[in-house]
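Colleague: predicted model and sequence below, questions to follow.
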Amino acid sequence: MIKLFLCALWSFLAMVFSCPLHFRFKHLIKKDPMKGWTTAYKYVRGFFKKLIFLTGSKIEVRGLENIPKDGAVLFVGNHRSWFDIIIVQTLTGKPMGFISKKEFENAPLLSPYMKDIGCIYLDRQNPREAIKTINSGIERMKTGLSLGLYPEGTRNHTDTLLPFKEGGYKMAERSNSPIVVVSMVGSDDIFENNKFHFIKKSHVIVDFSKPEYPSEMSIPERRAFYTAIPERISEKLAELNEIRDSKKSK
């Protein structure tokens, strides 16, 4: 209960008292988008790091060396918790936005931060708007902004992955950027899996795959690569869960 109170209080105070920063970030983004996103990312990353600290969770990272130091990356992963985004944002070392549901575009307090770091909103019910979102993502990635994509489309608390929607992969393909597959276990034990949604510490394991460039593949290779992503994540999740369970039993 105490952790939930501290996390909620920290989040509320940080979002409220930093409201004036949105005007600065907005001005920077208008003048120099990459500089604005980078400045906002550094602030949001610090906020997220403190939030993770308050949960008491241990974040174990594998494959961090696989993330390219230069240029944009499309991070594609499974999605089980609100904390997925928070954790990934603190690890990549890159200015990074996310592809989010259209419903979050006007969320009180939250939406200004999402816009500050370069998030874009996908309306899956409107194909024309969805294409505009993908095109916007391509342009942002060409500028140098990395993006996070959860192809399941929503948080998934089942033992199997939901069907992956492949349209977002075009952002990496057409911006000549790599895809890094992100597999994560344990994040939903911080919040979603707990009674009354109390905050509890968790052992989270995050794995970053080696980068792969869809733009350098032939059409058959690219199709096979996209199709194989869910299976690759499922296999990695099983491996990470085994590691996590073995450490629990010690």
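Modeller: Yep, that arrived.
Colleague: what strand or helix carries the residue lying closest to S215 once chain neighbours are set aside?
Modeller: Here the nearest residue to S215 in space, its sequence neighbours aside, is N176; by Cβ to Cβ, 6 or more residues apart in numbering that works out to 4.6 Å. For glycine as for every other residue, the C-beta is placed from the backbone atoms N, C-alpha and C. Assigning secondary structure by DSSP states H and E places N176 outside every helix and strand.
Colleague: surely I179 meets A172?
Modeller: Yes. Using Cβ atoms under 8 Å, I179 is in contact with A172, at 4.8 Å.
Colleague: name the residues contacting each of these two.
Modeller: The contact sets of I179 and A172 overlap at 73-74, 213-214 (Cβ atoms under 8 Å, 6 or more residues apart in numbering).
Colleague: put the buried members of those residues into a ChimeraX selection.
Modeller: Restricted to buried positions by 16 or more other Cβ atoms under 10 Å, the ChimeraX selection for those reads:
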select :73,74,214
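Colleague: quick one on the thing from earlier: more neighbours, I179 and A172?
Modeller: In this comparison of I179 against A172, neighbours counted by other Cβ atoms under 10 Å, the higher total goes to A172 at 27 against 23.
Colleague: and the more buried one, which of the three is it?
Modeller: On the three-state scheme (DSSP: H, G, I helix; E, B strand; the rest coil), A172 is labelled helix.
Colleague: so who does the nearest residue to it once chain neighbours are set aside touch?
Modeller: Once flanking residues are discounted, A172 sits nearest to L74: 3.9 Å by Cβ to Cβ, 6+ apart. For L74, the set of contacting residues under the criterion of Cβ under 8 Å, 6+ apart consists of 141, 146-147, 149, 168-169, 171-172, 177-180.
Colleague: how does it look with 6 Å?
Modeller: Contacts were defined as Cβ atoms under 6 Å, 6 or more residues apart in numbering; by that measure L74 touches 147, 171-172, 177, 179.
Colleague: okay, and the beta partners of it?
Modeller: In this entry, L74 is beta-bridged to L147, I179, by DSSP bridges.
Colleague: next one: the longest helix along the chain to chain centre, how far?
Modeller: As assigned by DSSP state H, the longest helix anywhere in the chain is helix 219-248. A distance of 17 Å separates the centroid of the chain from that of helix 219-248, by Cα atoms, centre = their mean, to the nearest Å.
Colleague: count of residues packed around P95?
Modeller: P95 sits with 26 neighbouring residues when counted by other Cβ under 10 Å.
Colleague: was I right about it contacting G36?
Modeller: No. Taking contact to mean Cβ atoms under 6 Å, the distance of 9.3 Å between P95 and G36 leaves them out of contact.
Colleague: please report the distance of the nearest residue to C19 once chain neighbours are set aside from V16.
Modeller: Nearest residue to C19, sequence neighbours excluded (Cβ to Cβ, 6+ apart): P112, at 7.5 Å. Remark: distance between P112 and V16 (Cβ to Cβ, to the nearest Å) = 11 Å.
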